[in-house]
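Enquirer: build me a model from this:
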Amino acid sequence: MTSPLTPRPSCYDHPRYYEIAFSFRDLSHEVDVIQQTIESFAGREVSSLLQLGCGPCQHMAELSRRGLRFEGLDINPAMLDYSRDKAASAGIAATFHLQSMVDFRLTQPVDYVFIALGDLYVQSTDELKSLLRCVAAALRQGGLFLLDWCVQFEPARMFKAEGDRWEMAQGDVRLSAHVVMQPFDHPHQLFREQLDIDVVDGQTQLSLSSHSVKRAVYPQELLELVSGMGLFEFVGWWNDWNLDQPLGATTDAIYRPITLLRRV
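Expert: The predicted structure is shown next:
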């Protein structure tokens, strides 16, 4: 194991373990929901999709099987190399971009953009606006922008002191993960996100750790921002990747909420 005095390697520089840590999701169901949003809300035919903060591109294979051309964008070269290899091994003709989600440009627009599992890496209102402008420029008119767990509907639950712990296993790999999100600059709505992953891979043991600073985004301010910028129209938000569960006053517990915008 890594000595307490030695900086832990980054979780993001070990894509395979990162992918296993977050493999608890039902990716086939999530792609079903993406297809439902296309059928119900897209203002155009959708054939191409871009994931921001794509990491190990866990939706890529299923999206490609459904006939959608996949593009991934990330600032971490190790993640993109891993995803390129995965695409090549599966015979998927995907495109990858080494760029920041707050300031990116595509040579050709796409029909759908999404961010998965809260990977909205902005640290200020200006960066959030820049991201929305970049997404608008990357999206054809009538295209959709889906945000998974990027809007803080229940900050008290999200910012609980103990965080969340879980364990995953795949083949000879056993790992335990712990994520804690802690507010530290309330006027600027900033919080620290600390992810620790302890790995046992056969005879190999690793302790990985990553630290990020993010800006919390709350529901009504997002609506106000979207309305004021005039680039998108608000379509809706739903609980737990379920279009039969629109969020409203009667929603008890909120988990994995998705928010959908449409390019005007």
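Enquirer: give me the contacts around stretch 145-156.
Expert: Defining contact as C-beta atoms under 8 Å, 6 or more residues apart in numbering, one finds that stretch 145-156 is touched by 30, 34, 37, 112-120, 135, 139, 158, 183, 216-219, 222, 232, 237, 241, 247, 253-254, 256-263. All C-beta atoms are positioned from the backbone trio N, CA, C, and that covers glycine.
Enquirer: and these, which of them are in helices?
Expert: The helices, defined by DSSP state H, take in 30, 34, 37, 135, 158, 219, 222 from these.
Enquirer: ok, so of these, who is nearest residue 164?
Expert: Of all the ones in helices among the contacts of stretch 145-156, the one with the least separation from residue 164 (C-beta to C-beta) is residue 158, at 9.6 Å.
Enquirer: the closest one: what's it in contact with?
Expert: Per C-beta under 8 Å, 6+ apart, neighbours of residue 158: 152, 181.
Enquirer: can you tell me how far it is from residue 179?
Expert: Residue 158 sits 10 Å away from residue 179, going by C-beta to C-beta, to the nearest Å.
Enquirer: ends of stretch 102-109, what's the gap?
Expert: Stretch 102-109 has its terminal residues 16 Å apart, counting by C-alpha to C-alpha, to the nearest Å.
Enquirer: tell me the buried residues in it?
Expert: Going by neighbour count (16 or more other C-beta atoms under 10 Å), the buried part of stretch 102-109 is 102, 104, 106, 109.
Enquirer: and these, which two are furthest apart?
Expert: The largest separation in the buried residues of stretch 102-109, counting by C-beta to C-beta, is between 102 and 109 at 18.2 Å.
Enquirer: in ChimeraX, select just the buried ones from the contacts of stretch 145-156.
Expert: Those of the contacts of stretch 145-156 that count as buried under 16+ other C-beta under 10 Å are selected in ChimeraX with:
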select :30,34,37,112,113,114,115,116,118,119,120,135,139,158,216,217,222,232,237,241,247,254,256,257,258,259,260,261,262,263
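Enquirer: just the contacts of stretch 145-156: which are in strands?
Expert: Within the contacts of stretch 145-156, residues falling in strands by DSSP state E are 112-115, 139, 183, 232, 237, 258-263.
Enquirer: which of these lies closest to residue 43?
Expert: For the ones in strands among the contacts of stretch 145-156, the minimum distance to residue 43 (C-beta to C-beta) is 6.1 Å, reached by residue 262.
Enquirer: gap between that closest one and residue 52?
Expert: Distance from residue 262 to residue 52, counting by C-beta to C-beta: 17 Å.
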